[in-house]
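Enquirer: With the input below, show me the fold.
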Amino acid sequence: MSLGRFLTRCLLQTAILEQSLEQFDIELCMQDMTTLSYLNEPGVLWNLKCRYVLDAIYTYTGSILIAVNPFARLPHLYGPHMMEQYRGRDLGELSPHVYAIADAAYRQMRSEAKSQSILVRSLFNLYTKLSL
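Expert: This is a model prediction of the structure:
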């Protein structure tokens, strides 16, 4: 995809997401995007935006965790109290969180005696590289 097409697509997606905050309701936002009625680009973007404006920055897509950087501190999402909540729980049992992924990988490593990998990818870094 060319840089111009990528930037045009980003601008169009931003325009789609520019909606008033009043219409976002946590009950309408899906924790796991595999449960969306319409699994298409506008549906995925709307769901991520819906969760983001409600400070729910983590969203599952099956066993994949998507994190939208809030560019702000969210102390209620981190700390020993949150780690303890996710310890020993299955993915999807609680709301999406990076601690759930880490705990699941650790438990799987212990039970199967095999190494585990966690891939962290940043679209922001990609966008920064493309806009230079």
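
Enquirer: could you show me where the helices are in this protein, in order?
Expert: 3-17, 41-53, 80-86, 98-112, 123-130 (DSSP state H).

Enquirer: Show the secondary-structure elements that the second one is packed against.
Expert: Packing partners of helix 41-53 (3 or more CB pairs under 8 Å, 6 or more residues apart in numbering; DSSP states H and E): helix 3-17, strand 58-61. Glycine gets a C-beta too; all of them are placed from N, C-alpha and C.

Enquirer: Which positions within that helix qualify as buried?
Expert: Within helix 41-53, the residues that qualify as buried are Val44, Trp46, Asn47, Leu48, Lys49, Cys50, Arg51, Tyr52, Val53, counting by 16 or more other CB atoms under 10 Å.

Enquirer: Would you check that Leu36 makes contact with Trp46?
Expert: No - taking contacts as CB atoms under 8 Å, Leu36 lies outside contact range of Trp46: 9.1 Å.

Enquirer: Tell me the pLDDT of Pro75.
Expert: For Pro75, the pLDDT comes out at 88.

Enquirer: Glu93 too?
Expert: 94.

Enquirer: Check the gap between it and Met33 for me.
Expert: Remark: distance between Glu93 and Met33 (CB to CB, to the nearest Å) = 17 Å.

Enquirer: who's more crowded, the two?
Expert: Neighbour count, other CB atoms under 10 Å: between Glu93 and Met33, Met33 has more, with 20 against 9.

Enquirer: Please name the nearest non-neighbouring residue to that one.
Expert: Thr61 (4.6 Å; CB to CB, 6 or more residues apart in numbering).

Enquirer: Now for that neighbour: which residues touch it?
Expert: For Thr61, the contact set (CB atoms under 8 Å, 6 or more residues apart in numbering) comprises Asp32, Met33, Thr34.

Enquirer: pLDDT wise, what is it at?
Expert: Reported pLDDT for Thr61: 91.

Enquirer: What residues are bridge-paired with it?
Expert: On the basis of DSSP bridges, Thr61 is bridged to Ile64.

Enquirer: By mean pLDDT, flag the weakest helix or strand of this structure.
Expert: Least confident helix or strand, the chain: helix 123-130 with a mean of 46, by mean pLDDT, DSSP states H and E.
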